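**Student:** need the 3D shape of this:
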Amino acid sequence: MTNQEAFDKIVKHLVDQKWVTASNDSGACVYLAADGCKCAVGCLIPPDQYKSSFEQNDVSIIYSEVPALADISMDLLTYLQDFHDVWMTPDDVDNNVVRLERIARDFGLDTSILTTFAK
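**Tutor:** Numbering: from 1, shown residues only. Okay, here's the model as predicted:
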């Protein structure tokens, strides 16, 4: 998967899900929640590559254990995970788009997928 494909998939996932994925117990962000919701990076991890030991670990820790992430910039994944965990505000579409535009610009990515945030 290319950086562009990962960016587009994550943005679509975040728009569809509309909220941050967190553990019911601790409130901490998780790759895969008990209800099946996934975080930004979690949506790129195929079920057969997911391990519960990923939880509570930064993407830099799990990156080498997930073959599906191998061709994607770890820096891009880190930025997108940070956006999901810290900055994403479901009710502030304009701010979400501005932050994602900055990330896309930093990695030379096309931003046309961001129009889905407005829908």
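
**Student:** can you point out the buried residues in stretch 49-59?
**Tutor:** For stretch 49-59, a neighbour-count test (16 or more other CB atoms under 10 Å) marks 50, 54, 55, 59 as buried. Any C-beta I mention is one placed from the backbone N, CA and C, and that applies to glycine too.

**Student:** mind checking how far it is from the chain centre?
**Tutor:** Put simply, stretch 49-59 sits 14 Å off its chain's centre (CA atoms, centre = their mean, to the nearest Å).

**Student:** so which residues make contact with it?
**Tutor:** Contacts to stretch 49-59, defined as CB atoms under 8 Å, 6 or more residues apart in numbering, come from residues 23, 28, 30-32, 41-42, 45, 61-62, 65-69, 74, 77-78, 81.

**Student:** the strands in this structure, which residues?
**Tutor:** Assigned by DSSP state E, the chain shows no strands.

**Student:** nearest the middle, which residue of it would you pick?
**Tutor:** residue 40 (1.6 Å; CA atoms, centre = their mean).

**Student:** phi and psi next, for it.
**Tutor:** The phi/psi pair for residue 40 (degrees, to the nearest 10) reads phi -60, psi -50.

**Student:** ok, the one 10 residues further on next?
**Tutor:** The main-chain torsion angles of residue 50 are listed as degrees, to the nearest 10 and equal phi -80, psi 140.

**Student:** how about residue 37?
**Tutor:** Main-chain torsions, residue 37, degrees, to the nearest 10: phi -70, psi 150.
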